[in-house]
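Participant: mind looking at a prediction? Sequence and model below.
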Amino acid sequence: MVSINVTVTQHANVRMRERQITNAMLFDVLRHGLIRREPEPDLRHSGIKCQMERYSGGSNIAVVVNVDFPSDGVVVITVFGIS
């Protein structure tokens, strides 16, 4: 099993509370979600930005993360429901 460090920004925490997305749902998307859009450069920070999607806890959820190589972690930028 691969282990990585996950940092959740304050913005993402606020959005999770607003949208009733739990930590369990977040980590389910990170572990099992799919990247349906091509990753793109993150214009605000170094690294690339990826949107991961998965049906979890009765909702379709998207998690936007920043991945900076060669780092072994991801930063959760925001979380939202998708249709």
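Facilitator: Sure, I can see it.

Participant: for Ile21, which non-adjacent residue is closest in space?
Facilitator: Spatially, and ignoring its direct neighbours in sequence, Ile21 is nearest to Val79 (5.3 Å; Cβ to Cβ, 6 or more residues apart in numbering). C-beta coordinates here come from the backbone N, C-alpha and C atoms, glycine included.

Participant: quick one: pLDDT of the spatially most central residue of the chain?
Facilitator: Residue closest to the average C-alpha location in the chain (Cα atoms, centre = their mean): Val63, at 3.1 Å. The model reports Val63 with a pLDDT of 98.

Participant: residues contacting it?
Facilitator: Counting by Cβ atoms under 8 Å, 6 or more residues apart in numbering, Val63 touches 26, 29-30, 33, 51-53, 76, 78-79.

Participant: among those residues, which ones are in helices?
Facilitator: The helices, defined by DSSP state H, take in 26, 29-30 from the contacts of Val63.

Participant: can you turn the buried part of these into a PyMOL selection?
Facilitator: To isolate the buried subset of the ones in helices among the contacts of Val63 in PyMOL, counting by 16 or more other Cβ atoms under 10 Å, use the following:
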select buried, resi 26+29+30
